[in-house]
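In: heads up, no residue letters with this:
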C-alpha cells in the first residue's frame, strides 16, 4: 500500500486510541504514548507491526496516543488511518 498523505483516525477519549499515519523517509518509525504502556506496550507494538506487514506498508511514521484501547480498536483505527492516507 502506498501512502500519499497524512491521516488520523480515532479520538483521545477513555478506552480509545488516536493514530496518526505520515508518509516517511527511508525507514519506519513508531511512537507510542499509552496510559498502559508498561503493561501492554510490547503487545501494541507487535499489533501495529503485524498490520503494517499485512498491508505491505513501509516508510511510514506512526504516532499512537492510547487511552486504554483494546486490540480490536487499535487495529480498526490503524487500518482506517492507513486507508485514508492511501487515497
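Out: That came through fine. Everything numeric in this text was worked out from a predicted model, so none of it was measured. Residues are numbered from 1 along each chain as shown.
In: Determine the longest helix present in this structure.
Out: helix 37-54 (DSSP state H).
In: mind listing the helices for this structure?
Out: With DSSP H as the criterion, the chain has helices spanning 37-54, 71-86.
In: Tell me which of those is the most buried.
Out: Sort these by mean neighbour count, taking mean count of other Cβ atoms under 10 Å, and helix 71-86 sits at the top with a mean of 18. For glycine as for every other residue, the C-beta is placed from the backbone atoms N, C-alpha and C.
In: Give me the contact list for it.
Out: Residues outside helix 71-86 that contact it (Cβ atoms under 8 Å, 6 or more residues apart in numbering): 1-10, 15-23, 43-44, 47-48, 51, 55, 57, 62, 64, 66, 69.
In: With stretch 4-18 instead?
Out: With Cβ under 8 Å, 6+ apart, stretch 4-18 has contacts from 19-23, 64-70, 73-74, 77-78, 80-82, 84-87.
In: and it, average pLDDT?
Out: Stretch 4-18 carries an average pLDDT of 96.
In: in that stretch, what's buried?
Out: Residues 7-10, 16-18 are the ones in stretch 4-18 that count as buried (16 or more other Cβ atoms under 10 Å).
In: ok so, going back, out of the helices of the chain, which comes closest to residue 28?
Out: Closest approach to residue 28 among the helices of the chain is made by helix 37-54 (7.1 Å; Cβ to Cβ).
In: Next, the angle from that closest one to helix 71-86.
Out: Orientation check (axes from the mean of the first three to the mean of the last three Cα atoms, to 10 degrees): helix 37-54 against helix 71-86 gives 50 degrees.
In: What average pLDDT does helix 37-54 get?
Out: The model assigns helix 37-54 a mean pLDDT of 96.
In: any idea how far the closest residue to residue 87 other than its chain neighbours lies from residue 20?
Out: In space, and not counting its chain neighbours, residue 87 is closest to residue 4: 6.7 Å by Cβ to Cβ, 6 or more residues apart in numbering. Residue 4 sits at a distance of 15 Å from residue 20 (criterion: Cβ to Cβ, to the nearest Å).
In: Relative to residue 38, how far out is residue 61?
Out: 23 Å.
In: oh, I was asking about residue 66
Out: Taking Cβ to Cβ, one finds residue 66 at 12 Å from residue 38.
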